[in-house]
Each structure stands twice: as structure tokens, then as C-alpha cells.
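Peer 1: just a sequence and a predicted model for now, questions to come.
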Amino acid sequence: MRAFLLTVAIVLIAFVVKVDLTEGTLSLAAFYPKDGQNALCEDQREPAYITVQTIQGDTIHSLFALHPAKMPMTFPERLELFYQLNPHLQLQALVPGENIKLPLSFEIENACGK
């Protein structure tokens, strides 16, 4: 009986490990690099932005209104880019005199040049 339970336990553990490695917490994408140099370029992409200094009474809405985007995008899309550029403002109000980055368009490539 012990041998049977031990065999069932080993098979169950092997199944869980197989599922975890193929579909679970370890992503297979990291194991297969994309086109070498192009993969590095994708990591260096960032949205086009301008840097502005805030003044008393500024809000994200007012800054977006003063500096419209170069291409059509929804407010949630632009807000997501804003927080990617300014992660320190995630749970914080704008402080007068602070320099922040305002996104103007979606991602553009840096010096990699495809």
C-alpha cells in the first residue's frame, strides 16, 4: 500500500511540475529571445513626451487640456502612459514646481531604428 501511495504522490508531483513549467508561473517567453537586437530595442521604447513644471492648482486633467496629444488617444490610454513616465505620482497629488513628463503620443522607438 505504501508503494502505491508513494507512486501516486510522485506522479502527482511530476504532473504539477510539468503544468507549472509549461503553463504556470514560469513564462516560456523569457526562454526564447526574440531576434537578438530587436528584443533589446523593444525594451528601450517609450512614448513621446514633453516635460512641464507644475504650478499651484494644476491637475492631470488641466495639463492634458493645455498640452493636447499629437495623435488621438483616449483619456485612460493617456493616463496609463502618464503613470508609466511618472511612476512616483501613482498615489500622490501634483506638487507645485515639480517637473513631470506628459505623453504626447504612443510608443516611438529610440536610437535602435528598425
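Peer 2: Structure received.
Peer 1: next, residue 101: phi, psi?
Peer 2: Phi and psi for residue 101, reported as degrees, to the nearest 10, are phi -100, psi 130.
Peer 1: going along the chain, name the strands of this protein.
Peer 2: For the chain, the strands defined by DSSP state E cover 46-53, 99-108.
Peer 1: so which of those is the most surrounded?
Peer 2: Per-stretch averages of neighbours, counted by mean count of other CB atoms under 10 Å, single out strand 99-108 among the strands of the chain, with a mean of 17. The way it works is simple: take the backbone N, C-alpha and C, and place the C-beta from them, glycine included.
Peer 1: quick one on the thing from earlier: the strands of the chain: which one's closest to residue 67?
Peer 2: strand 99-108 (5.2 Å; CB to CB).
Peer 1: could you export the closest one as CSV, CA atoms only?
Peer 2: The C-alpha trace of strand 99-108 is given here as CSV (Å, rounded to 0.1, in the frame of the first residue of the first chain):
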residue,chain,number,x,y,z
ASN,A,99,8.9,68.6,-13.3
ILE,A,100,6.7,65.9,-14.8
LYS,A,101,6.5,64.2,-18.2
LEU,A,102,3.3,64.5,-20.3
PRO,A,103,2.8,61.9,-23.0
LEU,A,104,2.0,63.2,-26.5
SER,A,105,1.7,60.0,-28.5
PHE,A,106,2.0,56.3,-28.3
GLU,A,107,5.3,54.5,-28.3
ILE,A,108,8.1,55.5,-30.6
